[in-house]
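Q: task: produce atomic coordinates for the following.
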Amino acid sequence: MKQVHLAAMLFLGFVPYSLIACHAQDEAASEQSSALKQTITDPVPDSTPSTPVQQAYKVNHIAEFNEPWAMTELKDGRLLVTERKGKLYLFDPKSKKKIMIQGVPKVAYGGQGGLGDVALAPDFESNPWIYLSYAEQGQGGYGAVVIRAKLDLKQSTPQLSQIDKIWSQVPKFSNGQGHYGHRIVFGPDGKLWISSGERQQFKPAQDMTSNAGKVIRLDADGSVPADNPFMDQGEIAKQVWSLGHRNPLGLAFDPKGQLWVLEMGPKGGDELNKVLKGKNYGYPEVSNGDHYDGKPIPDHSTRPEFEAPALDWTPVISPSSLIFYTGSMFPQWQNKAIATGLSSKAIVIVDTARQPVQEVQRLDMKARIRGAIQAQDGGIWVIEDGPQARLVKLTAP
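A: Residues are numbered from 1 along each chain as shown. Here you go, the predicted structure:
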């Protein structure tokens, strides 16, 4: 089944603007989508083009999965797809055949928890390590972990072996099964980066005895690089690259090698942040949203010592993943950020090269979107959220 779309133009005219979006109503799977509006507030410098993007695309329905959370593509075009209840599939888009990979550790399924992200080692073709994040239950409650394991694809039933737990959220929390974050990505330097949510506890994001509410930087084996910024503040702090994050569900490097993190805000104030070494992004001391009980949080503008977001949204997009597009199939999206949204039921295209950073196109996907990755042919694989979620591929019309 195929659909052809041309996203509606956002008329910006000659009035400079910045985008603001809304509070996150997507802290659980049952949240309803919020109204999506664009407000014109701050001026755009005269040197910044004000023409929005109108990239056309086609949606191709490929398969369905049960509560998928993440995917990655192998060199031969097959996909690894995680499902929250703890299943990892090898999927062939050509034959539509799914094979469940054996040996996945037990996960703590519930709330926002379960099996999470999947990533390949940079040298996977010669050294077949894969990395998985998931929620586990242990002493003290629940927390995210990251493992690496060897993946043997030569057997008729693929199997994980040599499983090694290389990172854990500290401490575990008994009250709440949300805000794990646990996106994982390898950087151009070969380091392993992990987004760690503050677990709905607020204070850990500013507590350097906890690695919750942080962006983590490790070597591929889980050891700590010697040039991390907080090496003199204790064993946990050594892992930390930046702090003051809430629920970071998107983590991606742009084509110039700059890391960005996409965070679900509280009641308003979803954020796209440029991740800088040793910086503090302020949560819960500041946010451009407020607490769900109505208690205000000071805006970023009131505390200049904290890093402010490059872009924030009120109404929310309820972000779920982030990539930067480098293919040629969609030339107007080239080198731009592609953010996926849950309650917004959208894919949001963001130009991070503009000053200020701007949303330039929004695709109405008519379903909650859990994630997206770039395919080798330049298309974009997209997974919906929830039971019987569709795997679709965006291609040229």
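Q: correct me, but Phe324 touches Gly250?
A: No - Phe324 is beyond contact range of Gly250, at 10.6 Å (criterion: CB atoms under 8 Å). Yep, even glycine has a C-beta here, placed from its N, CA and C like the rest.
Q: pull up the overlap in contacts between the two.
A: Trp260 (CB atoms under 8 Å, 6 or more residues apart in numbering).
Q: more crowded one of the two?
A: The neighbour count for Phe324 versus Gly250, taken as other CB atoms under 10 Å, is higher for Gly250 (26 against 20).
Q: element containing the more buried one?
A: strand 247-253 (DSSP states H and E).
Q: now do the same contact list for the most centrally placed residue in the chain.
A: Centroid-nearest residue in the chain, with CA atoms, centre = their mean: Gly250, separated by 1.8 Å. Residues in contact with Gly250 (CB under 8 Å, 6+ apart) are Arg183, Ser195, Trp260, Val261, Leu262, Glu263, Pro319, Ser320, Ser321, Leu322, Ala339, Thr340.
Q: can you check the pLDDT for it?
A: pLDDT for Gly250: 98.
Q: measure it to Ser156 for me?
A: 36 Å (CB to CB, to the nearest Å).
Q: which parts of the helix or strand Val146 falls within are buried?
A: In this assignment (DSSP H and E), Val146 forms part of strand 141-152. The neighbour-count check on strand 141-152 (16 or more other CB atoms under 10 Å) flags Tyr142, Gly143, Ala144, Val145, Val146, Ile147, Arg148, Ala149, Lys150, Leu151, Asp152 as buried.
Q: so where is this structure shaky, pLDDT-wise?
A: 1-51 (pLDDT under 70).
Q: hmm, back to that, now do the strand holding Val146: distance to the chain's middle.
A: Taking CA atoms, centre = their mean, to the nearest Å, the mean C-alpha location of strand 141-152 is offset from the chain mean by 17 Å.
Q: in the helix or strand that it is followed by, what counts as buried?
A: Downstream of strand 141-152, the first helix or strand assigned by DSSP H and E is strand 159-168. Using 16+ other CB under 10 Å as the test for burial, strand 159-168 gives Leu160, Ile166, Trp167, Ser168.
Q: also compute the angle for strand 159-168 relative to strand 141-152, please.
A: Relative orientation of strand 159-168 and strand 141-152, computed by axes from the mean of the first three to the mean of the last three CA atoms, to 10 degrees: 140 degrees.
Q: now stretch 318-327 - C-alpha only, CSV.
A: In CSV, the C-alpha atoms belonging to stretch 318-327 read as follows (Å, rounded to 0.1, in the frame of the first residue of the first chain):
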residue,chain,number,x,y,z
SER,A,318,6.6,14.4,22.2
PRO,A,319,9.9,13.4,20.6
SER,A,320,10.9,9.7,20.3
SER,A,321,14.1,9.6,18.1
LEU,A,322,16.5,11.7,16.1
ILE,A,323,18.7,11.2,13.1
PHE,A,324,20.5,13.4,10.6
TYR,A,325,19.7,12.7,6.9
THR,A,326,22.7,12.4,4.6
GLY,A,327,21.2,10.6,1.6
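Q: off-centre distance for it?
A: For stretch 318-327, the distance to the chain centre is 7 Å (CA atoms, centre = their mean).
Q: would you mark the buried spots in that stretch?
A: Quick answer for stretch 318-327 (16+ other CB under 10 Å): Ser318, Pro319, Ser320, Ser321, Leu322, Ile323, Phe324, Tyr325.
Q: would you mind measuring from Glu198 to Gln159?
A: 35 Å.
Q: what of Pro188?
A: In terms of CB to CB, Pro188 sits 31 Å off from Gln159.
Q: try Asp351
A: 43 Å.
Q: quick revisit: next SSE downstream of the strand holding Gly250?
A: Strand 247-253 is succeeded, C-terminally, by strand 259-264 (DSSP H and E).
Q: would you mind pulling the contact partners of that next one?
A: Contacts for strand 259-264 (CB under 8 Å, 6+ apart): 24, 26-27, 187, 193, 195, 215, 245-254, 270-275, 310, 316, 318-319, 321-322, 324, 337, 339, 352.
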